[in-house]
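> The following comprises the amino acid sequence and a computationally predicted model.
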Protein chains: 4
Amino acid sequence: MTDIALLGFGRIAQVHAKAIASGNLPINVRAVADANPDARAAAAQLGAKTFESVDELLSAGLELDAALVASSTPFHVEHTTLALDAGLHVLCEKPLSEDVQEVRHLTELAAEKGLVLRTAFNRRFDPLFRDLKSRIGTETGPVRSVHIISRDPFPPPPGYPRSAGSMLRDMTIHDFDTARYLVDDDIVAVTARGTGTFDTDALAVGDTDTVFLILEMARGTLIGIDNCRATSYGFDQRIEVHGEAGTLHAGNEALPQATRIGAAGFTTPRLVDFFPTRYAQSYIDQLSSFGNAIAAAKAGAAPDDIAADGRDALQALQAALAGWRSIVEGRRVTLEEVE
Amino acid sequence: MTDIALLGFGRIAQVHAKAIASGNLPINVRAVADANPDARAAAAQLGAKTFESVDELLSAGLELDAALVASSTPFHVEHTTLALDAGLHVLCEKPLSEDVQEVRHLTELAAEKGLVLRTAFNRRFDPLFRDLKSRIGTETGPVRSVHIISRDPFPPPPGYPRSAGSMLRDMTIHDFDTARYLVDDDIVAVTARGTGTFDTDALAVGDTDTVFLILEMARGTLIGIDNCRATSYGFDQRIEVHGEAGTLHAGNEALPQATRIGAAGFTTPRLVDFFPTRYAQSYIDQLSSFGNAIAAAKAGAAPDDIAADGRDALQALQAALAGWRSIVEGRRVTLEEVE
Amino acid sequence: MTDIALLGFGRIAQVHAKAIASGNLPINVRAVADANPDARAAAAQLGAKTFESVDELLSAGLELDAALVASSTPFHVEHTTLALDAGLHVLCEKPLSEDVQEVRHLTELAAEKGLVLRTAFNRRFDPLFRDLKSRIGTETGPVRSVHIISRDPFPPPPGYPRSAGSMLRDMTIHDFDTARYLVDDDIVAVTARGTGTFDTDALAVGDTDTVFLILEMARGTLIGIDNCRATSYGFDQRIEVHGEAGTLHAGNEALPQATRIGAAGFTTPRLVDFFPTRYAQSYIDQLSSFGNAIAAAKAGAAPDDIAADGRDALQALQAALAGWRSIVEGRRVTLEEVE
Amino acid sequence: MTDIALLGFGRIAQVHAKAIASGNLPINVRAVADANPDARAAAAQLGAKTFESVDELLSAGLELDAALVASSTPFHVEHTTLALDAGLHVLCEKPLSEDVQEVRHLTELAAEKGLVLRTAFNRRFDPLFRDLKSRIGTETGPVRSVHIISRDPFPPPPGYPRSAGSMLRDMTIHDFDTARYLVDDDIVAVTARGTGTFDTDALAVGDTDTVFLILEMARGTLIGIDNCRATSYGFDQRIEVHGEAGTLHAGNEALPQATRIGAAGFTTPRLVDFFPTRYAQSYIDQLSSFGNAIAAAKAGAAPDDIAADGRDALQALQAALAGWRSIVEGRRVTLEEVE
């Protein structure tokens, strides 16, 4: 059993809590810190001790193994630092930070202390993407290009923190990481264009709601990304790996509904609604892997290498910053430029 | 160039005429016989000589190689006999006859005269079904069962000749032939149930509009047929061959339309409307094969063996008669019983 | 919390136990009876008290609400009777019995005692089939026919109890129930043909491995069933409801794998392997419904009406017996004939 | 009947000749000019008068309505000019020219003489793309983005004329035109990245074989293009229009082959091989439209507006030149920059 604390108990923390329950994972949610009383009440129902602040939780003398940082993005660095300082392994929701130097600092801090520090790029654990990755090479031959379509079903709710370029740091960041993960390669440069036509909250802060990006990888592969903040048809997550000997296509998951055949043609079911459903298994497997990594760390063994570490967080962040600069300046921007 | 006469110039004859034109076939429609002045006018536009009757056409001293009998079903035997007596090779629309003895007689007559006699089971020439047939065995291993779904888009027009059991002799007859053709085997017995709920013209004469049939083949294979006189979605033609090592599924052809993705899911295009579109290529290839068979006959060579001959017409007719008796008597009926 | 005992802890009982765990159901598996020491050891790991016999379990003075009868088929009647006599609500695996009179007797016994008696026709709870059923009528208009394809991935293991006709009582029985459930109608007559070519254990006892059946429903609808004991491609479960205004097709679920596109075409993933995966959610929902029915019974309220009761068990059994007689006698057999 | 001359009788000219035959078009191929004796022999078989040069043909005193310029790209301008000077309407294969000023000049020349001048952007006439275009707006609402995947089955043959950027002028040029046609808008800027890994002939002249492009349209829409000179699976032509109210997806056409279902999953047929098959109907409809435009011109009426005129040729050429400059310079390039 791994004893963990959840730092923050909003929407994403509850996705993790549900994963622990439905996956029958050997993880015990001992404590939850959240300033919001409703969140604490919900956490208490799970049997966790609740605290108003992270400080309070960490000084309560609980025997904890790890912290899952699921607070809102501006607190990720502070809470991760506190947890590492308290000797806890950390799984931090993405983005670890929106500042390149802070990501570097946290990565070094964890390494010094011999603690596991992971960023929650959960899609690496998605069974479909794992299947896809495992077949690249043997079934594709040399990869000619990759194309990722990633569209949210609807824009973030009012009040969600936004700023110019935050679409790339918040949404596309998953795709940057997926791109690197799939082809086991680093991003060298990003070329991007963006528009904004419907997400008025985003437009008000100078952000976009629709972007196309072209990534250049270190070994020369081009990876295209097609992102949009909304669709009329659910959560759209497709990846196509185009190779010399074969092409692999990871498509969407549909709801369990019958196809209707009529005068208008064939109507097949709509897609699952959003990430908690589409990526449900990945949340379970990510936590299982985190538990294993902690056990491995205790035993002095190397963890599995599927999960995203600090360097992965850094590359994804740099790609997001480079992408935004590319949109603004109308040119290709290298990751080296956004140190 | 093969010089042919069309005996009858109704709907199905015009499908053949269109096939000759669009396939650039080396077939010359020299003459057309039809009692209907409008039909003759349409035929004249194609450059054919027109006659009011088959007798008149056959006694006009034209140099013809063959006749395509496309008159209405009750005239098939008479026109086929006249053509054979005139020394012409014959491709007769299905059914060759609705009487077992007449089919036997015509087959013998053609054999005596050394003439080609074919029934227009055009679906044997369908590229999809040919692909399917060519892969049975190598890709399926031993066949465990076959299932044929065949549904017309709408019932026959008012005035179309009907009688009790005519659905089997007119529509299912194609599927009986397809079943035999695909697995290269004869039908031993038919077990069937039928209902009628919507085709009031059929019901008025004691016929059905919906039937399920189970064929037992000589080598033991079971073949299921699912027939209906109408759908809400076009012409439905599916075949599934279930084998020990693999299963083959021949699906429907859709119109060239974009898929719409929206809140209701994915709407893919409707099916092609009916047989002249779905089986367009088979009509071309059937005529091409007929031309080749005539050339082979002239040269004393054996024709290709894909086309349906008199024995094929006989088996399909017997299966239709046995199927109807099965519906009426509530029992399995062998083909031997319908001599 | 509902406290239940599992009577039998073989393969199917473990499917239920897993459903209780992964669904976080408010059901407590208090006790397990199984003569097999390995099964008892497995049950003990779940925290259940274990007993060598059902008698022993029922006389141990435990406070139980219900029993889930999951012993082997020949013991279903005995164990169900014992449980009802002990005042427990019962969910019995199918078939409740293979004898029509015994089914009637058990149904009456439960009614007398005011206890819930259900047969585990779990597919009624499948989300896809529930979606299908909910849309029949509004989206199909009057139903013209239904076609069910149900093929197991491989034959039962050696040692599985078999006899002439057991394929219908053991496998097709689910499809008989599904047919009735979908169109809310009773089966009047069954016409069937069967063959056996590969399942040598079945053939040794005079059974079949491949059957086609045609059901006639009380309101006249024809329902075709296509069953096979094995495929080369996994567990095949398809249903098509053909209606006047629209057709609904419930297809198969595929594994989460990428499609490969290459010189041979498109290779999409294989199907999920077998019923514990394909129908996983239905096992959860069936138990949830059983728990609700017990709570309703305690409160004197009517249970939901989706689950199969004794009468449903009876009709499915009669259809299986009629189907087998039809295969043997080569004729349509009514359910009235198999009282 | 429209009497035309084919100027050039290579591969693409033969695609046009086949379209005239199989479509039964009212177009008479009166004359063919080609320096190659084999080409002339093939043309003679169609019943056309053959000439060694365009000059010879045009001075032979034939009564011609129009010329179809299908010579190799470097001769397009010369042959188009000769034909216009001879008073013939012209349908010129793409690209009309690789020089912006020449395109302008030819457009003005045709306008002065009151002659029809069209570029053979045949894909505008594809039934699937026409269906797609006709439904944009009503079924999509405001368009958020468009994505075009266009991949050739194999690189051009050895000897095909190439130079740096020719992939964009030769292959992508169709997609530039399709993009404009679909959303009825002009291209303002192009941002692109390209790589070359397998097409050694292209690499030898500094060209690419794989490109991603992002088009910015005048009304702000982003259009992504994904191009590759080869696949392992045939000719890949997909378009997705992502709109606020719905998304439309135009997919590929598959060969008429059965799906195989086995242990590896479902193998559906491969795509049609290349453009003469995939776009067969568009060649027929393009010529039909050209015939109608000539008839309209004779009658002083306006032609239909689906076909590509000189301005369309100009925009597509400019986009290709801008795209190449973007790849070379690593920045967004506007069409204004490539006057």
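It's in. These numbers were taken from a predicted model, which means no experiment stands behind them.
> got a list of what the closest residue to A:Ala120 other than its chain neighbours touches?
Nearest residue to A:Ala120 in three dimensions, chain neighbours excluded: A:Glu93, at 4.8 Å (CB to CB, 6 or more residues apart in numbering or on different chains). From N, CA and C alone the C-beta is placed, and that goes for glycine too. Going by CB atoms under 8 Å, 6 or more residues apart in numbering or on different chains, A:Glu93 touches A:Ile12, A:Leu68, A:Val69, A:Ala70, A:Ser71, A:Thr73, A:His76, A:Thr119, A:Ala120.
> cutoff 10 Å now
A:7-8, A:10, A:12-13, A:15-16, A:68-73, A:76, A:79-80, A:119-122 (CB atoms under 10 Å, 6 or more residues apart in numbering or on different chains).
> and the gap between A:Gly87 and A:Glu112?
Going from A:Gly87 to A:Glu112 by CB to CB, to the nearest Å gives 12 Å.
> neighbour-wise, which of those two wins?
More crowded of A:Gly87 and A:Glu112, by other CB atoms under 10 Å in any protein chain shown: A:Gly87, with 13 against 9.
> Just want the phi and psi numbers for that one.
phi 80, psi 20 (degrees, to the nearest 10).
> separation between the residue nearest to A:Ala120 and A:Glu78?
Taking CB to CB, one finds A:Glu93 at 13 Å from A:Glu78.
> And for A:Ala39?
For A:Ala39 relative to A:Glu78 (CB to CB), the value is 18 Å.
> Between these two, tell me which one has more neighbours.
Applying other CB under 10 Å to A:Ala39 and A:Glu78 shows that A:Ala39 carries more neighbours, namely 20 against 14.
> OK, contacts around the more buried one?
Applying CB under 10 Å, 6+ apart, the residues contacting A:Ala39 are A:Leu6, A:Gly8, A:Phe9, A:Gly10, A:Arg11, A:Ala13, A:Gln14, A:Val32, A:Ala33, A:Thr50.
> Would you agree A:Thr231 falls within a strand?
No. Under DSSP: H, G, I helix; E, B strand; the rest coil, A:Thr231 falls outside any strand and is assigned coil.
> Rounded mean pLDDT for the host helix or strand of A:Asp55, please.
Counting by DSSP states H and E, the element that carries A:Asp55 is helix A:54-58. The average pLDDT for helix A:54-58 rounds to 96.
> Which positions in chain A make contact with chain B?
Counting by CB under 10 Å from any CB of the partner chain, chain A comes close to chain B at A:231-234, A:236, A:252, A:254-255, A:257, A:259-271.
> Please spell out the PyMOL selection for the buried subset of the contacts of A:Glu93.
Buried subset of those, written as a PyMOL selection, criterion 16 or more other CB atoms under 10 Å in any protein chain shown:
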select buried, chain A and resi 7+8+12+13+15+16+68+69+70+71+73+76+79+80+119+120+121+122
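> Next step: the contacts of A:Glu93 restricted to strands.
A:Leu7, A:Leu68, A:Val69, A:Thr119 (DSSP state E).
> Could you dump those residues into CSV with distance to chain C and pLDDT added?
Formatted as CSV, those follow (distance: CB to the nearest CB, whole Å; pLDDT from 0 to 100):
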residue, distance to chain C, pLDDT
A:Leu7, 25, 97
A:Leu68, 20, 97
A:Val69, 26, 97
A:Thr119, 23, 94
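> how about the helices in the stretch 51-200 of chain A?
A:54-58, A:76-85, A:100-113, A:127-135, A:166-167, A:173-183, A:200-204 (DSSP state H, counting those that start in this stretch).
> burial of A:Gly47, as a residue count?
9.
> actually A:Ala42, not the one I wrote
18.
> in a helix, that's where it is, yeah?
Yes. A:Ala42 forms part of a helix when assessed by three-state DSSP.
> what sits against the nearest residue to it once chain neighbours are set aside?
The spatially closest residue to A:Ala42, leaving aside those adjacent along the chain, is A:Phe9, at 6.6 Å (CB to CB, 6+ apart). A:Phe9 makes contact with A:16-17, A:29, A:32-36, A:38-43, A:46, A:48, A:50, A:70-71 under the criterion CB under 10 Å, 6+ apart.
> count of neighbours near whatever residue of the stretch 1-150 of chain A ends up closest to chain B?
Closest contact between the stretch 1-150 of chain A and chain B, by CB to the nearest CB, is at A:Ile149 (11.8 Å). Neighbour count for A:Ile149, taken as other CB under 10 Å: 21.
> cool, the one 10 residues further on as well?
Neighbouring residues of A:Gly159 were enumerated by other CB under 10 Å; the total is 7.
> Tell me the pLDDT of it.
pLDDT at A:Gly159 comes out at 82.
> Against chain B, how distant is it?
25 Å (CB to the nearest CB, to the nearest Å).
> Surely that residue touches A:Asp201?
Yes. Using CB atoms under 10 Å, A:Gly159 makes contact with A:Asp201 at a distance of 8.8 Å.
> shared neighbours of these two, which are they?
Joint contacts of A:Gly159 and A:Asp201 (CB under 10 Å, 6+ apart) do not exist.
> about what we covered before: can you tell me which residues contact the residue of the stretch 1-150 of chain A closest to chain B?
Applying CB under 10 Å, 6+ apart, the residues contacting A:Ile149 are A:175, A:224-228, A:236-240, A:251-252, D:147, D:224, D:240, D:242.
> other SSEs contacting the helix holding A:Asp55?
Helices and strands touching helix A:54-58, by 3 or more CB pairs under 10 Å, 6 or more residues apart in numbering or on different chains; DSSP states H and E, are strand A:2-7, strand A:27-33, strand A:49-51, strand A:66-69, helix A:76-85.
> Can you tell me what sits against it?
So helix A:54-58 is contacted by A:5-8, A:30-35, A:49-51, A:64, A:67, A:69, A:71, A:75, A:78-79, A:82-83, A:85-88 (CB under 10 Å, 6+ apart).
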